[in-house]
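Novice: Compute the structure for the input listed below.
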Amino acid sequence: MASLKASTLLSSCSCSSSNRVIAGIHVPKVPRILSSVPKIPSTKLFEVMKGVSDAIPLKNNVATAQIYDDLYNSATSKATIQLYTILEAVADRIEMHNNIKEQRENWNTLLLNSINMITLTASTMAGVAATGAAGMPILSLKLSSALLFSAATGLLLIMNKIQPSQLTEEQRNATRLFKQHHTQIETTLALGNPTEKDVKDAMKKVLALDKAYPLPLLGAMLEKFPAKFEPAVWWPSSSTEHSRKNISFQFHESKQYHKKIDKNGWNKELEMELRDVIEVVKRKDIEDYERLGNLALKINKILAISGPLLTGTAAAASAFVSQGSWAAIIPVMAGALATAVNAFEHGGQVGMILEMYRNCAGFFKLLENSVEETIEEEAEEREDGDLFKMKLALKLGRSLSQLRELARKSDYCRIEGATIDEFASKLF
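Specialist: Residues are numbered from 1 along each chain as shown. Got it, this is the predicted structure:
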(Lines give C-alpha, C1' and ligand atoms only; values in the text may rest on other atoms or scores of the structure.)
Protein backbone atom coordinates (compact mmCIF):
# COMPACT_ATOMS: atom_id res chain seq x y z
CA MET A 1 0.00 0.00 0.00
CA ALA A 2 2.85 2.41 0.82
CA SER A 3 4.43 1.78 -2.56
CA LEU A 4 1.15 2.42 -4.32
CA LYS A 5 0.70 5.70 -2.46
CA ALA A 6 4.26 6.82 -3.32
CA SER A 7 3.83 6.02 -7.00
CA THR A 8 0.51 7.86 -7.06
CA LEU A 9 2.07 10.87 -5.38
CA LEU A 10 4.99 10.95 -7.81
CA SER A 11 2.74 10.66 -10.82
CA SER A 12 0.57 13.53 -9.61
CA CYS A 13 3.63 15.76 -9.02
CA SER A 14 5.02 15.01 -12.44
CA CYS A 15 1.69 15.79 -14.04
CA SER A 16 1.35 19.09 -12.24
CA SER A 17 4.91 20.12 -13.07
CA SER A 18 4.46 19.17 -16.69
CA ASN A 19 1.33 21.24 -16.81
CA ARG A 20 3.20 24.24 -15.45
CA VAL A 21 5.99 23.78 -17.97
CA ILE A 22 3.59 23.46 -20.83
CA ALA A 23 1.71 26.52 -19.66
CA GLY A 24 4.94 28.46 -19.62
CA ILE A 25 6.05 27.31 -23.08
CA HIS A 26 2.91 27.75 -25.16
CA VAL A 27 2.80 31.43 -26.14
CA PRO A 28 0.43 32.92 -28.72
CA LYS A 29 2.14 33.45 -32.02
CA VAL A 30 3.01 37.01 -32.95
CA PRO A 31 2.11 37.90 -36.53
CA ARG A 32 5.04 38.68 -38.77
CA ILE A 33 5.64 42.32 -39.64
CA LEU A 34 7.61 43.00 -42.76
CA SER A 35 10.06 45.75 -41.85
CA SER A 36 13.67 46.61 -42.47
CA VAL A 37 15.84 45.46 -39.60
CA PRO A 38 19.11 47.31 -39.09
CA LYS A 39 22.24 45.26 -39.61
CA ILE A 40 24.06 44.24 -36.49
CA PRO A 41 27.29 46.18 -36.19
CA SER A 42 30.49 44.23 -36.67
CA THR A 43 33.02 43.59 -33.93
CA LYS A 44 35.44 46.16 -35.36
CA LEU A 45 32.82 48.88 -35.22
CA PHE A 46 32.09 48.05 -31.59
CA GLU A 47 35.80 48.26 -30.81
CA VAL A 48 36.11 51.68 -32.49
CA MET A 49 32.99 53.03 -30.81
CA LYS A 50 33.63 51.45 -27.42
CA GLY A 51 34.56 54.76 -25.80
CA VAL A 52 31.26 56.26 -26.94
CA SER A 53 28.89 53.34 -26.42
CA ASP A 54 30.18 52.50 -22.93
CA ALA A 55 29.25 55.96 -21.74
CA ILE A 56 25.53 55.45 -22.71
CA PRO A 57 23.43 53.18 -20.45
CA LEU A 58 21.51 50.46 -22.31
CA LYS A 59 18.28 50.44 -20.34
CA ASN A 60 15.92 48.92 -22.88
CA ASN A 61 15.57 47.84 -26.47
CA VAL A 62 14.40 51.29 -27.56
CA ALA A 63 17.65 52.87 -26.31
CA THR A 64 19.67 50.14 -28.03
CA ALA A 65 17.94 50.73 -31.34
CA GLN A 66 18.51 54.48 -31.00
CA ILE A 67 22.22 53.91 -30.39
CA TYR A 68 22.42 51.72 -33.49
CA ASP A 69 20.75 54.47 -35.50
CA ASP A 70 23.23 57.04 -34.16
CA LEU A 71 26.19 54.79 -34.93
CA TYR A 72 25.08 54.30 -38.50
CA ASN A 73 24.26 57.94 -39.08
CA SER A 74 26.69 58.97 -41.82
CA ALA A 75 27.46 62.47 -40.53
CA THR A 76 28.09 61.39 -36.93
CA SER A 77 30.19 58.41 -37.99
CA LYS A 78 32.35 60.53 -40.29
CA ALA A 79 32.93 63.21 -37.64
CA THR A 80 33.85 60.57 -35.07
CA ILE A 81 36.36 58.90 -37.37
CA GLN A 82 37.90 62.27 -38.22
CA LEU A 83 38.25 63.15 -34.54
CA TYR A 84 39.97 59.82 -33.85
CA THR A 85 42.37 60.59 -36.72
CA ILE A 86 43.17 64.01 -35.25
CA LEU A 87 43.59 62.38 -31.84
CA GLU A 88 46.27 60.08 -33.23
CA ALA A 89 48.10 63.02 -34.81
CA VAL A 90 47.99 64.96 -31.54
CA ALA A 91 49.40 61.98 -29.62
CA ASP A 92 52.25 61.75 -32.13
CA ARG A 93 53.02 65.46 -31.75
CA ILE A 94 53.13 65.10 -27.98
CA GLU A 95 55.80 62.44 -28.34
CA MET A 96 57.80 64.48 -30.87
CA HIS A 97 57.80 67.68 -28.81
CA ASN A 98 58.74 65.77 -25.67
CA ASN A 99 61.69 64.07 -27.40
CA ILE A 100 62.95 67.34 -28.90
CA LYS A 101 62.58 69.04 -25.51
CA GLU A 102 64.97 66.50 -23.96
CA GLN A 103 67.38 66.88 -26.87
CA ARG A 104 67.55 70.67 -26.61
CA GLU A 105 67.89 70.53 -22.87
CA ASN A 106 70.98 68.39 -23.39
CA TRP A 107 72.24 70.97 -25.88
CA ASN A 108 72.09 73.69 -23.29
CA THR A 109 74.00 71.67 -20.69
CA LEU A 110 76.66 70.27 -23.03
CA LEU A 111 77.32 73.51 -24.91
CA LEU A 112 77.55 75.57 -21.71
CA ASN A 113 80.01 73.15 -20.08
CA SER A 114 82.09 72.85 -23.24
CA ILE A 115 82.34 76.61 -23.86
CA ASN A 116 83.25 77.35 -20.26
CA MET A 117 85.94 74.66 -20.24
CA ILE A 118 87.38 75.96 -23.52
CA THR A 119 87.39 79.55 -22.22
CA LEU A 120 89.04 78.66 -18.92
CA THR A 121 91.66 76.52 -20.67
CA ALA A 122 92.49 79.34 -23.08
CA SER A 123 92.78 81.81 -20.19
CA THR A 124 95.15 79.46 -18.37
CA MET A 125 97.36 79.08 -21.47
CA ALA A 126 97.55 82.85 -21.90
CA GLY A 127 98.57 83.25 -18.27
CA VAL A 128 101.21 80.52 -18.48
CA ALA A 129 102.65 82.03 -21.68
CA ALA A 130 103.12 85.36 -19.90
CA THR A 131 105.03 83.81 -17.00
CA GLY A 132 107.84 82.69 -19.31
CA ALA A 133 108.70 79.57 -17.39
CA ALA A 134 111.87 77.82 -18.49
CA GLY A 135 111.39 75.52 -21.42
CA MET A 136 107.81 76.60 -22.15
CA PRO A 137 107.01 77.12 -25.87
CA ILE A 138 105.51 80.61 -25.71
CA LEU A 139 104.46 80.72 -29.36
CA SER A 140 102.53 77.47 -29.21
CA LEU A 141 100.76 78.56 -26.04
CA LYS A 142 99.80 81.90 -27.61
CA LEU A 143 98.45 80.23 -30.74
CA SER A 144 96.58 77.59 -28.78
CA SER A 145 95.03 80.21 -26.54
CA ALA A 146 93.97 82.34 -29.53
CA LEU A 147 92.45 79.32 -31.31
CA LEU A 148 90.53 78.21 -28.23
CA PHE A 149 89.15 81.71 -27.64
CA SER A 150 88.13 81.89 -31.32
CA ALA A 151 86.37 78.52 -31.07
CA ALA A 152 84.57 79.66 -27.92
CA THR A 153 83.47 82.84 -29.72
CA GLY A 154 82.00 80.86 -32.63
CA LEU A 155 80.19 78.42 -30.38
CA LEU A 156 78.84 81.27 -28.28
CA LEU A 157 77.47 83.06 -31.34
CA ILE A 158 75.57 79.91 -32.34
CA MET A 159 74.37 79.21 -28.81
CA ASN A 160 73.20 82.77 -28.23
CA LYS A 161 71.41 82.78 -31.56
CA ILE A 162 69.32 79.65 -30.94
CA GLN A 163 68.98 80.01 -27.12
CA PRO A 164 68.69 76.28 -26.21
CA SER A 165 67.05 76.97 -22.84
CA GLN A 166 64.34 79.01 -24.57
CA LEU A 167 63.87 76.29 -27.18
CA THR A 168 63.46 73.76 -24.38
CA GLU A 169 60.76 75.87 -22.72
CA GLU A 170 58.96 76.24 -26.06
CA GLN A 171 58.80 72.46 -26.51
CA ARG A 172 57.76 72.00 -22.89
CA ASN A 173 54.85 74.40 -23.39
CA ALA A 174 53.95 72.74 -26.69
CA THR A 175 53.86 69.33 -25.00
CA ARG A 176 51.57 70.62 -22.27
CA LEU A 177 49.21 72.37 -24.71
CA PHE A 178 49.01 69.36 -27.02
CA LYS A 179 48.19 67.16 -24.02
CA GLN A 180 45.46 69.62 -23.09
CA HIS A 181 44.08 69.47 -26.63
CA HIS A 182 44.27 65.67 -26.55
CA THR A 183 42.12 65.62 -23.41
CA GLN A 184 39.60 68.01 -24.95
CA ILE A 185 39.16 65.76 -28.00
CA GLU A 186 38.73 62.71 -25.76
CA THR A 187 36.06 64.57 -23.78
CA THR A 188 34.21 65.45 -26.99
CA LEU A 189 34.25 61.81 -28.08
CA ALA A 190 33.13 60.59 -24.66
CA LEU A 191 30.14 62.95 -24.65
CA GLY A 192 29.09 61.54 -28.02
CA ASN A 193 27.58 62.96 -31.19
CA PRO A 194 30.54 65.06 -32.40
CA THR A 195 29.78 67.47 -35.22
CA GLU A 196 31.63 68.80 -38.21
CA LYS A 197 32.28 72.01 -36.25
CA ASP A 198 34.11 69.99 -33.56
CA VAL A 199 36.34 68.51 -36.25
CA LYS A 200 37.14 71.90 -37.77
CA ASP A 201 37.89 73.45 -34.38
CA ALA A 202 40.19 70.57 -33.42
CA MET A 203 42.03 70.84 -36.72
CA LYS A 204 42.47 74.61 -36.37
CA LYS A 205 43.92 74.21 -32.87
CA VAL A 206 46.47 71.65 -34.09
CA LEU A 207 47.63 73.92 -36.92
CA ALA A 208 47.77 76.95 -34.59
CA LEU A 209 49.96 75.04 -32.14
CA ASP A 210 52.23 73.89 -34.97
CA LYS A 211 52.70 77.50 -36.02
CA ALA A 212 53.23 78.80 -32.48
CA TYR A 213 55.80 76.14 -31.53
CA PRO A 214 57.66 74.98 -34.66
CA LEU A 215 59.88 71.91 -34.51
CA PRO A 216 62.65 72.81 -37.03
CA LEU A 217 65.35 75.41 -36.36
CA LEU A 218 66.29 76.61 -39.85
CA GLY A 219 63.73 78.89 -41.42
CA ALA A 220 60.95 78.29 -38.90
CA MET A 221 62.56 79.12 -35.56
CA LEU A 222 60.88 81.87 -33.58
CA GLU A 223 62.77 85.16 -33.27
CA LYS A 224 64.70 85.06 -30.02
CA PHE A 225 65.49 88.79 -29.87
CA PRO A 226 62.44 90.67 -31.18
CA ALA A 227 62.31 94.45 -31.09
CA LYS A 228 59.40 94.32 -28.64
CA PHE A 229 58.12 91.72 -26.22
CA GLU A 230 54.97 90.03 -27.52
CA PRO A 231 52.81 87.41 -25.73
CA ALA A 232 52.77 83.92 -27.20
CA VAL A 233 49.74 83.09 -29.37
CA TRP A 234 48.87 79.41 -29.78
CA TRP A 235 45.12 79.55 -30.50
CA PRO A 236 43.39 80.01 -33.87
CA SER A 237 42.39 83.55 -34.71
CA SER A 238 38.67 84.27 -34.56
CA SER A 239 36.79 85.66 -37.54
CA THR A 240 35.38 88.41 -35.34
CA GLU A 241 38.66 89.35 -33.70
CA HIS A 242 39.56 92.11 -36.15
CA SER A 243 36.09 93.59 -36.11
CA ARG A 244 36.19 93.82 -32.30
CA LYS A 245 39.79 94.98 -31.96
CA ASN A 246 38.96 98.67 -31.65
CA ILE A 247 35.67 98.28 -29.77
CA SER A 248 35.72 99.38 -26.14
CA PHE A 249 34.91 96.72 -23.60
CA GLN A 250 32.65 99.14 -21.73
CA PHE A 251 29.27 99.10 -23.47
CA HIS A 252 26.91 98.24 -20.63
CA GLU A 253 23.99 100.24 -21.98
CA SER A 254 23.96 99.04 -25.60
CA LYS A 255 20.82 97.44 -27.04
CA GLN A 256 22.74 94.30 -27.90
CA TYR A 257 23.70 93.96 -24.24
CA HIS A 258 20.10 94.04 -23.03
CA LYS A 259 19.07 91.37 -25.54
CA LYS A 260 21.49 88.85 -24.05
CA ILE A 261 20.08 88.32 -20.59
CA ASP A 262 18.29 85.56 -18.72
CA LYS A 263 19.14 82.87 -21.27
CA ASN A 264 21.30 79.75 -21.05
CA GLY A 265 22.40 80.59 -17.52
CA TRP A 266 23.47 84.11 -18.51
CA ASN A 267 22.16 87.33 -17.03
CA LYS A 268 23.17 90.95 -16.70
CA GLU A 269 24.93 90.44 -13.36
CA LEU A 270 27.08 87.58 -14.69
CA GLU A 271 28.20 89.57 -17.72
CA MET A 272 29.06 92.56 -15.54
CA GLU A 273 31.01 90.31 -13.19
CA LEU A 274 33.04 88.74 -16.00
CA ARG A 275 33.79 92.16 -17.49
CA ASP A 276 35.10 93.41 -14.14
CA VAL A 277 37.33 90.34 -13.72
CA ILE A 278 38.80 90.67 -17.22
CA GLU A 279 39.43 94.35 -16.56
CA VAL A 280 41.69 93.31 -13.65
CA VAL A 281 43.43 90.77 -15.91
CA LYS A 282 44.17 93.48 -18.47
CA ARG A 283 45.23 96.19 -16.02
CA LYS A 284 47.31 94.05 -13.65
CA ASP A 285 48.33 90.59 -14.88
CA ILE A 286 48.96 91.27 -18.57
CA GLU A 287 50.72 94.58 -17.94
CA ASP A 288 52.92 93.04 -15.22
CA TYR A 289 54.07 90.15 -17.42
CA GLU A 290 54.71 92.49 -20.33
CA ARG A 291 56.90 94.64 -18.05
CA LEU A 292 58.82 91.60 -16.79
CA GLY A 293 59.10 90.21 -20.32
CA ASN A 294 60.61 93.42 -21.67
CA LEU A 295 63.09 93.47 -18.78
CA ALA A 296 64.12 89.84 -19.40
CA LEU A 297 64.46 90.55 -23.12
CA LYS A 298 66.83 93.48 -22.50
CA ILE A 299 68.96 91.47 -20.07
CA ASN A 300 69.16 88.57 -22.50
CA LYS A 301 70.25 90.87 -25.35
CA ILE A 302 73.01 92.42 -23.22
CA LEU A 303 74.31 89.03 -22.10
CA ALA A 304 74.13 87.56 -25.63
CA ILE A 305 76.33 90.41 -26.93
CA SER A 306 78.73 90.52 -23.97
CA GLY A 307 79.80 86.86 -24.08
CA PRO A 308 81.12 86.69 -27.68
CA LEU A 309 82.55 90.22 -27.35
CA LEU A 310 84.66 89.20 -24.35
CA THR A 311 85.93 85.96 -25.89
CA GLY A 312 86.70 87.75 -29.17
CA THR A 313 88.68 90.40 -27.31
CA ALA A 314 90.57 87.68 -25.46
CA ALA A 315 91.39 85.91 -28.74
CA ALA A 316 92.83 89.09 -30.23
CA ALA A 317 94.79 89.95 -27.08
CA SER A 318 96.32 86.46 -26.88
CA ALA A 319 98.37 87.16 -30.01
CA PHE A 320 100.23 89.98 -28.22
CA VAL A 321 101.15 88.02 -25.10
CA SER A 322 104.90 87.95 -24.47
CA GLN A 323 107.16 86.83 -21.69
CA GLY A 324 106.90 89.07 -18.65
CA SER A 325 104.44 91.51 -20.27
CA TRP A 326 101.25 92.83 -18.76
CA ALA A 327 99.36 92.09 -21.98
CA ALA A 328 98.34 88.71 -20.57
CA ILE A 329 95.99 90.46 -18.15
CA ILE A 330 93.52 91.24 -20.95
CA PRO A 331 92.90 87.66 -22.22
CA VAL A 332 92.89 86.23 -18.73
CA MET A 333 90.41 88.74 -17.35
CA ALA A 334 88.24 88.68 -20.49
CA GLY A 335 88.10 84.89 -20.40
CA ALA A 336 87.11 84.89 -16.74
CA LEU A 337 84.37 87.47 -17.34
CA ALA A 338 83.11 85.58 -20.38
CA THR A 339 82.81 82.41 -18.30
CA ALA A 340 80.79 84.29 -15.65
CA VAL A 341 78.50 85.86 -18.28
CA ASN A 342 77.85 82.53 -19.99
CA ALA A 343 77.14 80.82 -16.69
CA PHE A 344 74.63 83.53 -15.79
CA GLU A 345 72.93 83.60 -19.20
CA HIS A 346 72.69 79.91 -20.03
CA GLY A 347 73.17 78.39 -16.60
CA GLY A 348 70.53 80.76 -15.23
CA GLN A 349 68.43 80.06 -18.34
CA VAL A 350 67.44 83.65 -19.01
CA GLY A 351 65.95 82.57 -22.34
CA MET A 352 63.73 80.06 -20.56
CA ILE A 353 62.50 82.79 -18.20
CA LEU A 354 61.71 85.02 -21.17
CA GLU A 355 59.68 82.25 -22.82
CA MET A 356 57.88 81.59 -19.55
CA TYR A 357 56.82 85.26 -19.42
CA ARG A 358 55.65 85.05 -23.04
CA ASN A 359 53.56 81.99 -22.26
CA CYS A 360 52.00 83.53 -19.13
CA ALA A 361 51.13 86.76 -20.96
CA GLY A 362 49.60 84.67 -23.75
CA PHE A 363 47.56 82.71 -21.22
CA PHE A 364 45.96 85.89 -19.87
CA LYS A 365 45.46 87.21 -23.40
CA LEU A 366 43.60 84.00 -24.25
CA LEU A 367 41.37 84.46 -21.21
CA GLU A 368 40.55 87.99 -22.29
CA ASN A 369 39.74 86.89 -25.86
CA SER A 370 37.57 83.97 -24.75
CA VAL A 371 35.45 86.13 -22.43
CA GLU A 372 35.02 88.89 -25.02
CA GLU A 373 34.14 86.43 -27.81
CA THR A 374 31.66 84.61 -25.59
CA ILE A 375 29.88 87.82 -24.58
CA GLU A 376 29.74 88.88 -28.24
CA GLU A 377 27.84 85.69 -29.16
CA GLU A 378 24.09 85.30 -28.96
CA ALA A 379 22.95 83.94 -25.61
CA GLU A 380 21.56 80.73 -27.14
CA GLU A 381 24.92 79.91 -28.74
CA ARG A 382 27.03 80.44 -25.65
CA GLU A 383 28.36 77.87 -23.26
CA ASP A 384 26.33 77.54 -20.07
CA GLY A 385 26.95 80.61 -17.92
CA ASP A 386 27.61 78.81 -14.63
CA LEU A 387 29.98 76.36 -16.32
CA PHE A 388 31.85 79.17 -18.07
CA LYS A 389 32.25 81.06 -14.79
CA MET A 390 33.53 77.94 -13.03
CA LYS A 391 36.14 77.38 -15.76
CA LEU A 392 37.33 80.98 -15.48
CA ALA A 393 37.62 80.69 -11.70
CA LEU A 394 39.67 77.49 -11.97
CA LYS A 395 42.02 79.01 -14.54
CA LEU A 396 42.66 81.93 -12.21
CA GLY A 397 43.12 79.67 -9.17
CA ARG A 398 40.11 81.11 -7.35
CA SER A 399 36.84 79.86 -5.92
CA LEU A 400 33.53 81.22 -7.17
CA SER A 401 33.14 83.41 -4.10
CA GLN A 402 36.68 84.79 -4.54
CA LEU A 403 35.97 85.54 -8.19
CA ARG A 404 32.80 87.41 -7.19
CA GLU A 405 34.72 89.39 -4.57
CA LEU A 406 37.39 90.32 -7.14
CA ALA A 407 34.68 91.61 -9.48
CA ARG A 408 33.25 93.77 -6.69
CA LYS A 409 36.68 95.26 -5.95
CA SER A 410 37.23 95.98 -9.63
CA ASP A 411 33.83 97.68 -9.93
CA TYR A 412 34.47 99.79 -6.83
CA CYS A 413 37.94 100.87 -8.00
CA ARG A 414 36.60 101.80 -11.41
CA ILE A 415 33.86 103.98 -9.88
CA GLU A 416 36.32 105.63 -7.47
CA GLY A 417 38.98 106.06 -10.15
CA ALA A 418 41.52 104.08 -8.12
CA THR A 419 43.88 101.26 -9.09
CA ILE A 420 43.15 97.80 -7.75
CA ASP A 421 45.99 96.39 -5.65
CA GLU A 422 45.30 92.72 -6.40
CA PHE A 423 46.17 90.44 -9.30
CA ALA A 424 43.45 88.36 -10.92
CA SER A 425 45.43 85.13 -10.96
CA LYS A 426 46.62 83.27 -7.89
CA LEU A 427 48.47 80.65 -9.93
CA PHE A 428 51.25 82.74 -11.54
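Novice: which residues in the stretch 51-200 of the chain form helices?
Specialist: Taking DSSP state H, counting those that start in this stretch as the criterion, the stretch 51-200 of the chain carries its helices at 61-71, 74-131, 138-162, 164-191, 196-212.
Novice: Name the residues of the fourth one that are buried.
Specialist: Taking 16 or more other C-beta atoms under 10 Å as the neighbour-count basis, helix 164-191 is seen to contain the buried residues 164-175, 177-179, 181-182, 185, 188-189. C-beta here means a position set from N, CA and C on the backbone, and glycine is covered the same way.
Novice: one step back: residue 403: which of the helices of the stretch 51-200 of the chain is closest?
Specialist: With C-beta to C-beta as the measure, helix 164-191 is the member of these nearest residue 403 (21.5 Å).
Novice: Next, the angle from the closest one to helix 196-212.
Specialist: Helix 164-191 runs at 170 degrees relative to helix 196-212, counting by axes from the mean of the first three to the mean of the last three C-alpha atoms, to 10 degrees.
Novice: So for helix 164-191, mean pLDDT?
Specialist: When pLDDT is averaged over helix 164-191, the result is 95.
Novice: starting at the chain centroid, how far to that helix?
Specialist: Its chain's C-alpha centre and that of helix 164-191 lie 4 Å apart, by C-alpha atoms, centre = their mean, to the nearest Å.
Novice: and it, what other elements does it pack with?
Specialist: Where contact means 3 or more C-beta pairs under 8 Å, 6 or more residues apart in numbering; DSSP states H and E, helix 164-191 is packed against helix 50-53, helix 74-131, helix 196-212, helix 350-376.
Novice: So for residue 318, which of these sits nearest?
Specialist: helix 74-131 (5.1 Å).
Novice: ok and the closest one relative to helix 164-191, angle-wise?
Specialist: With the same axes, to 10 degrees applied, the angle from helix 74-131 to helix 164-191 works out at 170 degrees.
Novice: orientation of helix 74-131 relative to helix 138-162 in degrees?
Specialist: Interaxial angle, helix 74-131 versus helix 138-162 (the same axes, to 10 degrees): 160 degrees.
Novice: who's in contact with stretch 91-108?
Specialist: With contact meaning C-beta atoms under 8 Å, 6 or more residues apart in numbering, stretch 91-108 is reached by 164-165, 167-168, 171-172, 174-175, 178-179, 182, 206, 209-210, 213, 215, 346, 349.
Novice: let's go with 10 Å and repeat that
Specialist: Applying C-beta atoms under 10 Å, 6 or more residues apart in numbering, the contact partners of stretch 91-108 are 159, 162-179, 181-182, 185, 206, 209-210, 213, 215-217, 346-347, 349, 351-352.
Novice: Identify each buried residue in that stretch, please.
Specialist: For stretch 91-108, a neighbour-count test (16+ other C-beta under 10 Å) marks 93-94, 97-98, 100-101, 104-105, 107-108 as buried.
Novice: can you check stretch 152-162 too?
Specialist: Going by neighbour count (16+ other C-beta under 10 Å), the buried part of stretch 152-162 is 152-153, 155-156, 159-160, 162.
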